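K.L.:
Coordinates for the following, if possible.
(one chain, ligands or ions: 2)
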Amino acid sequence: MQDMTGVVPVTSMPYSQFKNHVGEQVTIKGAIHNIRDMSDFAFIIVRTARELIQCVYSPEFSDYRLTDEVVEQCSAKITGKVVPSETRDGSERYELQISNIEILSTPAEIPPVVISKKQVTCDLSTNLDYRPVTLRNPKERAIFKIQEGIQRGFREFLTSQNFTEVHTPKINFAGAEGGTNVFKLDYFGKTVYLAQSPQLYKQALVPVYERVFEIGPVFRAEHHDTSRHLNEYISMDFEMGFIEDFTDIMNMETGALQYIMNLLKTEYAPEVELLKVDIPEVNTIPCIRFKDAKEMCIKKLKNITDMKDFEPEEEAFLFIFAKKQYNSDFLFVTHYLSAKRPFYTMDDPEDPEVTLSFDLLFRGLEITSGGQRIHDYNMQVEKMKKLGMNPEEFGTYLMLHKYGAPPHGGLGLGLERLTMHLLGFKNVRYATMFPRDINRVTP
Ligand code: ATP
Ligand code: MG
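P.N.:
Residues are numbered from 1 along each chain as shown. Ligands and ions are numbered 1, 2, ... in the order given. Just a heads-up that it's a prediction; the model follows:
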């Protein structure tokens, strides 16, 4: 038997190493992404995990002869000599002069959509229908590399701030947050619910770890087809104890966003460049009270009917305001009305009509809701009763308060929403690998 050492080295030489191997034979593994046959020679573009590598075939380079087996989307092992390539702008690039291609796997059919062009040009619905294929396009996959960077940044930053990463159940019996957008499920004859957020569990973990975070799926039965709602999305949540007040939460989010944007600029530079991402500056984020923001919107915009929340048009207006006034792409709106916030939200002792809560708007779109939670048992039970809820149904949740919890708060940040507006998409589905919406559960 062979011994397992726990190491599987990358056998393909990364493009970044090419400059150190000029004139040498190297081997790469990847998919044949594009073939441009120029009769006496051919450009063969190889797609590796994160790069496109230009290889050149010519009978002059070796005894190897190109065959019909080399087709787009076949997996191959390519060996060749690294040479500098001619570039229009004189920039330093390298290519491989092919000396051998070993085919590792052959596709059964030609892909139904063109993925070897600069970008996928079919409509969104077709793009999503063929997602396993369209994601191979470099621009499409770059979107989700950026998305990886966002979650990685969130994780790394919070870990550095003494947060513990947790995973809470997604199948819940009682104590769901309620409302109309919860999915019901038959669980061996009992009705259970898919988690709309990790809220109740992450709060329970504050007296355990003080600071916790979770990056995981949540489910919302959105009965509408909008450009910003999914039925399953990734929520980046955190909850922290011993806060002085709810601005601690906003500060922590500001730090996380600073870290994320920096990480994207550095370690995700190839994707940022490919997608021409406009990375926002996050120095300090301005704050405005809901009441003041609403008054401003009413003055500037006509036909505002919802006095308790913002309409998309108002959010767009607030973006212009934040940009003009503070040169910020982000805006915290605080002190939302108590009537509009969930039962666990702490009311402002100075004005119980409003809450110690906030939303974060990014370029005119809500990406976060957060705030301080009630930690006192009697206060929580009273609020539940006032809202017509039965505290007895929330026995497990209320253990948190009953057996002692520090002042605490937290937030939920929608990963796809942030990705969407960072990349300038008009529809959240572009920023979702395999979206679930009212009309789609496949692929
Ligand atoms: P909205 O008012 O836009 O429907 P919400 O206030 O109901 O959102 P929250 O419960 O505050 O949403 O969820 C926290 C964050 O999760 C939101 O700020 C947003 O980034 C994201 N989010 C909420 N619902 C969805 C959804 N259906 N699809 C994608 N992301 C969502
Ligand atoms: Mg919200």
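
K.L.:
Now do residue 190 against ligand 1, distance only.
P.N.:
26 Å (CB to the nearest ligand atom, to the nearest Å). From N, CA and C alone the C-beta is placed, and that goes for glycine too.

K.L.:
That residue: what's its closest spatial neighbour, skipping adjacent residues?
P.N.:
Of all residues not flanking residue 190 in the chain, residue 173 sits nearest, at 7.2 Å (CB to CB, 6 or more residues apart in numbering).

K.L.:
mind listing what the one you found touches?
P.N.:
When contacts are counted by CB atoms under 8 Å, 6 or more residues apart in numbering, residue 173 touches 187, 190, 192, 193.

K.L.:
which ones are touching residue 315?
P.N.:
For residue 315, the contact set (CB under 8 Å, 6+ apart) comprises 361, 364, 365, 366.

K.L.:
Which parts of the stretch 251-400 of the chain are strands?
P.N.:
287-289, 330-334, 347-348, 351-355, 357-362, 365-373 (DSSP state E, counting those that start in this stretch).

K.L.:
Remind me what the fourth one packs against, helices and strands.
P.N.:
If I follow you right, that is strand 351-355. strand 347-348 (3 or more CB pairs under 8 Å, 6 or more residues apart in numbering; DSSP states H and E).

K.L.:
Ligand 1 contacts on the chain?
P.N.:
220, 222, 229-230, 233, 235, 366-369, 412, 414, 416-417, 428 (CB under 6 Å from any ligand atom).

K.L.:
so what's the closest residue to ligand 1 within the chain scoring on pLDDT?
P.N.:
Residue of the chain nearest ligand 1, by CB to the nearest ligand atom: residue 414 (2.4 Å). Note for residue 414: predicted pLDDT of 98.

K.L.:
Surely it and residue 365 touch.
P.N.:
No: if you go by CB atoms under 8 Å, residue 414 and residue 365 don't touch, sitting 9.3 Å apart.

K.L.:
which one of those two has more residues nearby?
P.N.:
For residue 414 versus residue 365, neighbours defined as other CB atoms under 10 Å are more numerous around residue 414 (23 against 19).

K.L.:
partner residues bridging the more buried one?
P.N.:
Listed beta-bridge partners, residue 414: residue 235 (assigned using DSSP bridges).

K.L.:
Is there a neighbour count for residue 188? I'd like the number.
P.N.:
5.

K.L.:
Run through the residues that contact it.
P.N.:
With contact set as CB under 8 Å, 6+ apart, residue 188 has no partners.

K.L.:
Name all residues that make contact with the residue of the chain closest to ligand 1.
P.N.:
Residue 414 touches 233, 234, 235, 236, 367, 368, counting by CB under 8 Å, 6+ apart.

K.L.:
Can I get those in TSV including pLDDT and neighbour count?
P.N.:
Listed next are the contacts of residue 414 as TSV, based on pLDDT from 0 to 100; neighbours: other CB atoms under 10 Å:
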residue	pLDDT	neighbour count
233	98	20
234	98	21
235	98	22
236	98	25
367	98	26
368	98	23
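
K.L.:
just so I have it, where are all the helices in this protein?
P.N.:
Assigned by DSSP state H, the chain shows helices spanning 124-129, 131-134, 138-160, 199-204, 206-209, 247-267, 269-274, 290-300, 312-326, 377-386, 395-402, 415-422.

K.L.:
Report all helices and strands that the fourth one contacts.
P.N.:
Applying 3+ CB pairs under 8 Å, 6+ apart, one finds that helix 199-204 contacts strand 211-219, strand 232-241, helix 395-402, strand 408-414.

K.L.:
Out of those, which one sits most buried?
P.N.:
strand 408-414 (a mean of 25; mean count of other CB atoms under 10 Å).

K.L.:
got the CA positions of that one in CSV?
P.N.:
Provided in CSV are the C-alpha atoms of strand 408-414 (Å, rounded to 0.1, in the frame of the first residue of the first chain):
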residue,chain,number,x,y,z
HIS,A,408,-25.8,42.2,23.0
GLY,A,409,-26.6,42.8,19.4
GLY,A,410,-25.7,41.7,15.9
LEU,A,411,-26.5,41.8,12.3
GLY,A,412,-27.2,39.9,9.1
LEU,A,413,-25.5,40.8,5.8
GLY,A,414,-26.8,39.3,2.6
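
K.L.:
how far off helix 247-267 does it point, in degrees?
P.N.:
Relative orientation of strand 408-414 and helix 247-267, computed by axes from the mean of the first three to the mean of the last three CA atoms, to 10 degrees: 40 degrees.
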